[in-house]
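Provided below are the primary sequence and the corresponding predicted coordinates.
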Amino acid sequence: MNKIRLATLWLDGCSGCHMSILDMDEKLVEIAQYVDVVYSPYVDTKEFPENVDLTIVEGALSSDHDIELIQKIRQNSKLILALGDCAITGNISAMKNLFGSEAVLERGYFELADENKSEAYPSQIVPKLLDKVLPLHEVVKVDYFLPGCPTPSQAIYEMLKALIEGKEINISDYTRFGK
Ligand code: SF4
């Protein structure tokens, strides 16, 4: 049996959902029999590869770089799973939408700076912030949504097992928004 080519991506999230993947503990050994991790913060691949079967995405879209990346990933992934409330709704990452990017940059790089106060916000080399943080499905087609903040590791395990076995599950048995 060919192993599933699995990628995981960390966008604008706190990494808590990636920590939940690791929290599967010994179940990771079971899942590892069926998947090859081809791109992830857990491995050292620099470029997103072609022909990925499943990409699990944590976090919302906050910059022009995020948009480029998620579009490339959509082109090269058969399935995308939005992991956690940030990827699905924007959640914590989208709180800045209440104020706008300019106000957040002003606060971070000018008002709260103890020294080297500068109104020259980072605009070169670093990705440009979007005016509004977006959930994944506003930019690309998302195949599966697995909510939670963070998504409980048991829910991730059950979802991966169901995908590996080609079965359906009721995810509300395992997680919900804000859980
Ligand atoms: S959903 Fe919660 S745990 Fe996951 S990345 Fe967002 S803030 Fe972190």
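Perfect, thanks for sending it. Just so it is clear, the structure is predicted and the values come from calculations on it, not from any experiment.

check whether the strand or helix carrying H18 contacts the ligand.
Secondary structure from DSSP states H and E places H18 in helix 16-22. Yes. Residues of helix 16-22 contacting the ligand under Cβ under 6 Å from any ligand atom: 16-17. In this view, the C-beta of every residue, glycine as well, is placed from N, C-alpha and C.

now do that helix: distance to the chain's middle.
11 Å (Cα atoms, centre = their mean, to the nearest Å).

how about stretch 149-166?
That offset, for stretch 149-166, works out to 15 Å (Cα atoms, centre = their mean).

list the buried ones in the helix holding H18?
16-18, 20-21 (16 or more other Cβ atoms under 10 Å).

next, the buried residues of the lowest-mean-pLDDT helix or strand in the chain.
When the helices and strands of the chain are scored by mean pLDDT, DSSP states H and E, helix 101-106 comes last with a mean of 87. Neighbour-count burial for helix 101-106 flags 101, 104-105 (criterion: 16+ other Cβ under 10 Å).

all strands for this structure, in order.
For the chain, the strands defined by DSSP state E occupy 4-10, 35-39, 52-58, 61-63, 77-83, 129-134, 144-146.

show me what contacts the residue nearest the centre of the chain?
Compute the mean C-alpha point of the chain, and by Cα atoms, centre = their mean the closest residue is E58, 1.6 Å away. Applying Cβ atoms under 8 Å, 6 or more residues apart in numbering to E58 gives the contacts 8-11, 13, 15, 17-18, 83-84, 86-87.

what's the most distant pair in the residues you listed?
Based on Cβ to Cβ, the longest span within these runs between T8 and C86 and measures 14.0 Å.

who has more neighbours out of the two?
C86 (29 against 21; other Cβ atoms under 10 Å).

quick check: that one vs S15, distance?
Using Cβ to Cβ, to the nearest Å, one gets 11 Å for the distance from C86 to S15.

using PDB, list the CA coordinates for stretch 52-67.
The C-alpha coordinates for stretch 52-67 follow below in PDB (Å, rounded to 0.1, in the frame of the first residue of the first chain):
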ATOM      1  CA  VAL A  52       0.800  16.000  -2.000                       C
ATOM      2  CA  ASP A  53      -2.200  13.900  -0.900                       C
ATOM      3  CA  LEU A  54      -3.300  15.800   2.200                       C
ATOM      4  CA  THR A  55      -2.200  19.200   3.500                       C
ATOM      5  CA  ILE A  56      -3.200  20.100   7.100                       C
ATOM      6  CA  VAL A  57      -3.200  23.900   7.500                       C
ATOM      7  CA  GLU A  58      -3.000  25.700  10.900                       C
ATOM      8  CA  GLY A  59      -3.600  29.400  11.000                       C
ATOM      9  CA  ALA A  60      -5.300  32.200   9.000                       C
ATOM     10  CA  LEU A  61      -4.100  34.200   6.000                       C
ATOM     11  CA  SER A  62      -2.400  37.400   7.100                       C
ATOM     12  CA  SER A  63       0.000  38.500   4.500                       C
ATOM     13  CA  ASP A  64       0.600  38.500   0.700                       C
ATOM     14  CA  HIS A  65       3.100  35.700   1.200                       C
ATOM     15  CA  ASP A  66       0.400  33.600   3.000                       C
ATOM     16  CA  ILE A  67      -1.900  34.100  -0.100                       C
END
